[in-house]
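Sequence and predicted structure are below.
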Amino acid sequence: MSMPGPEVAIEVEGLSKKFGDHVVVDNLTMRVRKGQIYGFLGPNGSGKTTTIRMLCGLLTPDAGRGTCLGLDILTKAREIRQHVGYMTQKFSLYTDLSVRENLEFVARLYSVPHPEDAAQEAIKRLGLEGRGKQLAGDLSGGWKQRLALGACILPSPQLLLLDEPTAGVDPQARREFWAQIHDLAADGLTVLVSTHYMDEAERCHEIAYIAYGHLLAQGTVAEVIAGSGLVTYVVEATREAHTPGATLAAIGKALADDPAVAMVAPFGVSLHVSGHDAAALEAAISPHRTEAGVVWRQETATLEDVFIDLMQRSKDNMS
Ligand SMILES: Nc1ncnc2c1ncn2[C@@H]1O[C@H](COP(=O)(O)OP(=O)(O)OP(=O)(O)O)[C@@H](O)[C@H]1O
């Protein structure tokens with residue numbers, strides 16, 4: 001493997017990890033550019049956290065090699081860790097200390113010069129002005145996330161790990177949180193995010209889908225969707241349909257076992273029907289096209305369609 005250029009934050013090749021006899025990550029090769037927001041998706045227990053931990057030296061792989069922030073992940077793990085900020089799902093600050101006290105505490109813990117000024121600067125940068133004296137425990141979920149992010153970036157890490165960062169946060173706070181992540185990335189911070197949420201995935205520059213230890217897809221959202229080869233039709237109940245739910249359910253049931261249909265999923269008054277062979281799928285839905293009270297249209301598969309399909313197929317390969 002050649003030396004990574006300055007624009008590369010992480011470059012790894014053939015990483016594998018076993019716990020006992022269980023291969024949790026199998027032969028993973030990937031590259032993350034500096035300033036990139038990189039999302040990791042996949043079913044529970046598929047190896048996302050293990051992968052992220054290996055990428056930044058928190059866990060030693062059994063096989064493979066690579067660099068993170070220009071440092072060897074096998075021999076320089078301790079140095080790498082000094083440049084990594086980790087925001088877990090669990091709020092890990094002191095609920096009975098104020099916002100300012102929490103930030104000053106973190107600044108002192110990490111020997112940040114001038115901790116009081118650094119805390120004040122973080123308060124300003126995060127739009128927490130006016131909340132400095134508020135107890136962290138009294139903040140709403142969205143503000144807590146913001147404070148946790150502030151604490152994470154106080155020591156000026158070069159790499160930020162986010163574990164489902166906006167679980168349980170309302171849409172506006174989510175949007176603001178992600179705007180901040182994008183600002184930080186624009187300043188050169190590299191961000192690895194593990195998530196189960198499609199909207200978080202869509203906010204990443206690139207994503208990787210991992211299932212049962214295998215990296216099944218990676219790239220931008222558009223590349224992952226295009227690479228899936230999934231053809232999707234949407235059948236929607238019209239206002240004239242007397243029993244839209246029943247009509248769609250009957251179509252769904254009729255199509256679910258057709259070999260041309262990879263999946264059928266209900267979304268409100270519509271169903272997504274997807275498959276891999278366009279002609280076979282077209283033939284499967286053709287008898288239902290003329291049914292009363294529904295309209296059919298072809299659409300680009302959604303990221304969720306693609307992930308469910310990847311998961312089902314990898315499960316089939318495993319069994
Ligand atoms: N230290 C460990 N010792 C033994 N097994 C482990 C250890 N860490 C993880 N595992 C196992 O490895 C597998 C992958 O775990 P990992 O946490 O990487 O998955 P994940 O994709 O992040 O899951 P989730 O979405 O549930 O957080 C799981 O079966 C888990 O139980």
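Received, thanks.

so where do the strands sit in the protein?
Taking DSSP state E as the criterion, the chain carries its strands at 8-19, 22-33, 37-41, 63-68, 71-72, 84-87, 159-163, 190-194, 206-211, 214-219, 231-237, 263-267, 270-275, 294-299.

Tabulate these in TSV, adding columns for mean pLDDT.
Output for the strands of the chain, formatted as TSV (pLDDT from 0 to 100):
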stretch	mean pLDDT
strand 8-19	95
strand 22-33	94
strand 37-41	95
strand 63-68	95
strand 71-72	95
strand 84-87	90
strand 159-163	92
strand 190-194	95
strand 206-211	94
strand 214-219	93
strand 231-237	94
strand 263-267	92
strand 270-275	94
strand 294-299	94
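
quick one: contacts for the closest residue to residue 32 other than its chain neighbours?
Nearest non-adjacent residue to residue 32, counting by C-beta to C-beta, 6 or more residues apart in numbering: residue 10, 4.1 Å away. C-beta coordinates here come from the backbone N, C-alpha and C atoms, glycine included. When the contact criterion is C-beta atoms under 8 Å, 6 or more residues apart in numbering, the partners of residue 10 are 30-32, 55-56, 66-69, 159, 190.

nearest to the ligand, of the residues you listed?
Of all those, residue 55 has the smallest distance to the ligand: 11.8 Å, by C-beta to the nearest ligand atom.

The closest one and residue 12 touch, don't they?
Yes: assessed by C-beta atoms under 8 Å, residue 55 is found in contact with residue 12 at 6.2 Å.

Enumerate every residue touching residue 102.
93-94, 136, 147, 151.

least confident pick among these?
Least confident by pLDDT among the contacts of residue 102: that is residue 93, with 81.

re earlier: okay if I get the contacts of residue 10 as a markdown table plus distance to residue 216?
Formatted as a markdown table, the contacts of residue 10 follow (distance: C-beta to C-beta, whole Å):
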| residue | distance to residue 216 |
| --- | --- |
| 30 | 12 |
| 31 | 17 |
| 32 | 17 |
| 55 | 17 |
| 56 | 22 |
| 66 | 20 |
| 67 | 24 |
| 68 | 23 |
| 69 | 26 |
| 159 | 24 |
| 190 | 23 |
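
and the residue of the stretch 151-300 of the chain found nearest the ligand, bridged to which residues?
Nearest to the ligand, among the residues of the stretch 151-300 of the chain, is residue 194, at 6.0 Å (C-beta to the nearest ligand atom). Counting by DSSP bridges, residue 194 is bridged to residue 40, residue 163.

residues in this protein within reach of the ligand, list them.
19, 24, 42, 44-50, 194 (C-beta under 6 Å from any ligand atom).

8 Å instead, please
19-20, 22, 24-25, 40, 42-53, 163, 194, 196, 210, 213 (C-beta under 8 Å from any ligand atom).

can you tell me which residues contact the residue nearest to residue 304 when sequence neighbours are not counted?
Nearest non-adjacent residue to residue 304, counting by C-beta to C-beta, 6+ apart: residue 198, 5.1 Å away. Residues in contact with residue 198 (C-beta under 8 Å, 6+ apart) are 302-304, 307.
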